[in-house]
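In: Structure for the following, please:
(one chain, ligands or ions: 2)
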Amino acid sequence: MSGTDTVDRTPDAEPSRTADSKPARAEATSAERASAAGQAGNLAAGQAGNLAAGQAGNLAAGQAGNPAAEPARKPGGEPARTAPATAADRSPEPGRAPEPGGTPAPVFSVRNLWKVFGHRPDRVPGSDLAELTPEELREKAGCTVAVRDVSFDVRPGEVFVVMGLSGSGKSTLVRCLTRLIEPTSGSIAIDGEDVRSMDKNALRELRRHRAAMVFQHFGLLPHRTVLDNVAYGLEIQGMAKAERRARAAEMVDKVGLAGMEARRPGQLSGGQQQRVGLARALAADPEVLLFDEPFSALDPLIRRDMQEEVVRLHRDEGRTMVFITHDLSEALRIGDRIALMRGGRVVQCGTPEEIVGSPADDYVRDFVQDVPREQVLTVRRAMRPATLGEARGDTGPTVTAGTTVAEAIDVVARDGKPARVLDGDRCVGIVDFKCLLNVVAGLDGPQRGGRLEKAAA
Ligand SMILES: Nc1ncnc2c1ncn2[C@@H]1O[C@H](COP(=O)(O)OP(=O)(O)O)[C@@H](O)[C@H]1O
Ligand SMILES: [Mg+2]
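Out: Ligands and ions are numbered 1, 2, ... in the order given. Below is the predicted model:
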């Protein structure tokens, strides 16, 4: 399977999509999620996001410009529910080896990854050919660059979203991670281990136990019951019947399908089928779950439901996830960090707050322009310095530093007074009507005035 450009749909790659779960590696992430999850439509409170205002966080290195002609598209503009900056760290990116202190070693570490399809693809990365437009390259060399010099780390316990329009290279990228598609050049490590040098057995192990893939079209077996579908992957792994059925039952319960164990896929709604797929991927208990647009085919409401399911599972178990989507609101809702792709490149990689608050270029700015900023950005971005008196005062409302601007507006409006922003016990700033509304109006931060200037232009 590896070594070809085709997509692997064998049992090695779990057929459906999933969320995941696992021991609490997510620290702040999960905790933040906790608040985020349950409350529909509304931004979570109290997330410990720790973005310093306006700082553009970790942009993926070296990814600038971008050829590819991509049709402008509207981001859906649905309220984004989650703004949590992964509290943990914001560390300086690189490093594929475990780092001393601070940031935990990445689960996946990808450096300068290229995937070129077509005739003699190896000549393209780093050569003049790579500078051609996609059309020229196709004509002159018969090649398509699907992934172009991409570098990023996926940290333990985070939901890492890869977002981009159709054709931007997302599926190719995620499939390269476990070599369901063979990369053309670059390096990929999982827990520090070189994926590109793995042999067949190691790859099988990788796909089954370490980084299971959940596809959009989750091939459920129609003649099998829900329980047996969920147990299927375990059966392939050779787990004894009683054990795998017990584990499958646990997973069925976990995804909210208790009581439906004996049904067949045909007797389930689309959303329920997705849950079966989810349970199946969870049953294998992989370290990382890779989702390739698992919810694209679902109705909006069911989709929302499934997103919340992912957030919930992630909150409960903190499993690392790489989640592909073309939908910005989905990315903002579930991502701890988002890598935004265009024409095979990652044009920006950062928290939802960084992407929305500090877009790296005009493309990203256009992409996020309809996002309700107040639901994604936190008071860290809005606040002004406290005067001595304010900092010492202990009356009036307070908000935590991870509170969204929307929530802070609510607090300040109800109280009629500015709120102190607390980081632990410490007052780190003040939010009043003016600075909160500046965020809503797009008058905050480094892009100060960007929106309005644009509108006026
Ligand atoms: N097997 C292939 N052969 C040739 N070109 C491909 C192949 N798979 C994908 N591509 C091209 O690579 C680019 C990225 O595709 P893909 O990764 O599927 O994007 P996305 O998942 O973001 O929609 C597209 O231009 C697509 O046409
Ligand atoms: Mg795709």
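
In: quick one: pLDDT of the nearest residue to G335 once chain neighbours are set aside?
Out: Excluding the flanking residues, the one nearest G335 by C-beta to C-beta, 6 or more residues apart in numbering is V161, at 3.5 Å. Just so you know, the C-beta spots here come from the backbone N, C-alpha and C atoms, and that holds for glycine as well. Looking at V161, its pLDDT stands at 97.

In: Mind giving me the packing neighbours of the helix or strand containing V161?
Out: Using DSSP states H and E, V161 sits within strand 159-164. In terms of contacts (3 or more C-beta pairs under 8 Å, 6 or more residues apart in numbering; DSSP states H and E), strand 159-164 is packed against helix 170-177, strand 320-325, helix 328-334, strand 337-342.

In: I'd like those written out as JSON lines, with mean pLDDT added.
Out: As requested, those are exported to JSON lines (pLDDT from 0 to 100):
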{"stretch": "helix 170-177", "mean pLDDT": "96"}
{"stretch": "strand 320-325", "mean pLDDT": "94"}
{"stretch": "helix 328-334", "mean pLDDT": "91"}
{"stretch": "strand 337-342", "mean pLDDT": "96"}
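
In: Compare those and give me the one nearest ligand 1.
Out: Ligand 1 sits nearest to helix 170-177 of all the helices and strands packed on strand 159-164, at 3.2 Å, using C-beta to the nearest ligand atom.

In: Can I get the closest one as PDB, trimmed to CA atoms?
Out: Provided in PDB are the C-alpha atoms of helix 170-177 (Å, rounded to 0.1, in the frame of the first residue of the first chain):
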ATOM      1  CA  LYS A 170      -5.200  18.500   3.200                       C
ATOM      2  CA  SER A 171      -5.900  14.800   2.500                       C
ATOM      3  CA  THR A 172      -2.500  14.300   0.900                       C
ATOM      4  CA  LEU A 173      -0.900  15.800   3.900                       C
ATOM      5  CA  VAL A 174      -2.700  13.700   6.400                       C
ATOM      6  CA  ARG A 175      -2.200  10.500   4.400                       C
ATOM      7  CA  CYS A 176       1.500  11.200   4.200                       C
ATOM      8  CA  LEU A 177       1.700  11.100   8.000                       C
END
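
In: what about that helix, distance to the chain center?
Out: 14 Å (C-alpha atoms, centre = their mean, to the nearest Å).

In: And for stretch 355-366?
Out: With C-alpha atoms, centre = their mean, you get 17 Å for stretch 355-366.

In: what comes up buried for that stretch?
Out: 355-360, 363-365 (16 or more other C-beta atoms under 10 Å).

In: Keep only those of those that are in helices.
Out: Among the buried residues of stretch 355-366, the members found in helices (DSSP state H) are 355-357, 363-365.

In: From those, pick the one nearest ligand 1.
Out: Using C-beta to the nearest ligand atom, Y363 comes nearest to ligand 1 of these, at 15.0 Å.

In: hang on, that closest one packs against V347?
Out: Yes: using C-beta atoms under 8 Å, Y363 makes contact with V347 at a distance of 6.1 Å.

In: re earlier: among the helices and strands packed on strand 159-164, which comes closest to V405?
Out: Set against V405 and scored by C-beta to C-beta, those come closest in helix 328-334, at 14.3 Å.

In: Could you export that closest one as CSV, CA atoms only?
Out: Below are the C-alpha coordinates for helix 328-334, written out as CSV (Å, rounded to 0.1, in the frame of the first residue of the first chain):
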residue,chain,number,x,y,z
LEU,A,328,-13.7,27.3,9.2
SER,A,329,-16.3,27.2,11.8
GLU,A,330,-15.6,23.6,12.4
ALA,A,331,-11.9,24.3,12.7
LEU,A,332,-12.5,27.1,15.2
ARG,A,333,-14.9,25.0,17.2
ILE,A,334,-12.7,22.0,17.7
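
In: related to what we said a few turns ago, CSV for the buried residues of stretch 355-366, including pLDDT and distance to ligand 1?
Out: CSV is the format used below for the buried residues of stretch 355-366 (pLDDT from 0 to 100; distance: C-beta to the nearest ligand atom, whole Å):
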residue, pLDDT, distance to ligand 1
I355, 95, 17
V356, 94, 21
G357, 91, 25
S358, 91, 24
P359, 93, 20
A360, 94, 19
Y363, 94, 15
V364, 94, 16
R365, 93, 20
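
In: Determine which two of those residues are furthest apart.
Out: Largest pairwise distance in the buried residues of stretch 355-366, by C-beta to C-beta, is 15.9 Å, between G357 and Y363.

In: how would you label S151: helix, strand or coil?
Out: strand (DSSP: H, G, I helix; E, B strand; the rest coil).

In: How many neighbouring residues does it have?
Out: 20 (other C-beta atoms under 10 Å).

In: Next one: it from G259, what distance?
Out: Shown here: S151 relative to G259, a distance of 46 Å by C-beta to C-beta, to the nearest Å.

In: Equivalent analysis for V226, please.
Out: 10 Å.

In: and the two? which has more neighbours close in?
Out: V226 (27 against 10).

In: The more buried one: what's it in contact with?
Out: Counting by C-beta atoms under 8 Å, 6 or more residues apart in numbering, V226 touches 252, 257, 260-265, 268, 276.

In: Model confidence at the closest residue to A262 other than its chain neighbours, what's the number?
Out: Excluding its sequence neighbours, the residue lying closest to A262 (C-beta to C-beta, 6+ apart) is T225, at 5.2 Å. Confidence at T225, expressed as pLDDT, is 95.

In: unless I'm mixing things up, T225 is touching G266, no?
Out: No: using C-beta under 8 Å, T225 makes no contact with G266, being 11.1 Å away.

In: Tell me which of the two has more neighbours.
Out: Neighbours were tallied for T225 and for G266 using other C-beta under 10 Å; the higher tally belongs to T225 (19 against 9).

In: got a list of what that one touches?
Out: 261-264.

In: repeat for K417
Out: So K417 contacts 396-397 (C-beta under 8 Å, 6+ apart).
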